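>>> build me a structure from this.
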Amino acid sequence: MLKPTDPIVALCNTVPGGNSHKSPTNVGWQACQSPSPRELVTAILDGNLETKHLTFGNAGASVMDAANGIDTGFYVVPQGGVFSVLQAFQFGTANDSPERDPITITIEASQFSTSTDLEMGSSWNLIYNGSTGINRSNDSDRNAYGSMQTITHPSPYKAYRILIAEKRGIENSVQYSEVQFFGYFIN
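You can find the predicted model right below:
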């Protein structure tokens, strides 16, 4: 359901129900940045498990902590109809550092599609809180999809916001290679 051309915005220091805080667009080793142009949030929509999105969260690369990368994520506006209905999703692990795997997330949805509206916390409704489908106890699956997770009560929305709530272990960042959405569009 998601395509590489869908508008996607990286987020940092964003909590469920709160305002969206965009990550800096420049690369670097500081808080809320990705270290390389190859590791920006757009990599999760390219259909390639060999690429990844990595973000340090609010501490930067020099701090090893279980909280680095928490409250980061993205919002995306799927382009294919006026509304989309998200029924299920799948996360893909990255190439290295299993401690960086996102284990639990929240998904919020919005009836709005403009960046001004999507920055307001009041625009979002919680539709999922739970596992990414990446196995919590098996950290050997690199560049692989976790199990598909379903949305219990799917409804039509224009945008979705995914926030990382927990990662596997102590590291300086969180990373994932792909996020796939399964569902359909309504015109």
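>>> state the distance from the spatially most central residue of the chain to G81.
With distances taken as CA atoms, centre = their mean, the chain has G73 as the residue nearest its mean C-alpha position (4.0 Å). Going from G73 to G81 by CB to CB, to the nearest Å gives 23 Å. Just so you know, the C-beta spots here come from the backbone N, C-alpha and C atoms, and that holds for glycine as well.
>>> ok, now I103?
Distance, I103 to G81, using CB to CB: 32 Å.
>>> quick revisit: pretty sure the residue nearest to the centre of the chain contacts V15?
No: using CB atoms under 8 Å as the test, G73 is too far from V15 to be in contact (10.3 Å).
>>> which residues do those two both contact?
Common neighbours of G73 and V15 are listed as L163 (criterion: CB atoms under 8 Å, 6 or more residues apart in numbering).
>>> what's the residue nearest to the centre of the chain sitting at in phi/psi?
Dihedral angles of G73 (phi, psi; degrees, to the nearest 10) stand at phi 160, psi -140.
>>> can you check the one 3 residues further on too?
V76 has phi and psi values of phi -140, psi 150 when expressed as degrees, to the nearest 10.
>>> per-residue confidence at the residue nearest to it when sequence neighbours are not counted?
Excluding its sequence neighbours, the residue lying closest to V76 (CB to CB, 6 or more residues apart in numbering) is I8, at 4.5 Å. The model reports I8 with a pLDDT of 98.
>>> run a quick neighbour tally on I8.
Using other CB atoms under 10 Å, I8 has 19 other residues around it.
>>> over to T114?
12.
>>> equivalent analysis for E50, please.
So E50, with other CB under 10 Å, has 12 neighbours.
>>> nearest residue to it other than its sequence neighbours?
Distances taken as CB to CB, 6+ apart put N143 closest to E50, at 6.2 Å, once the chain neighbours are dropped.
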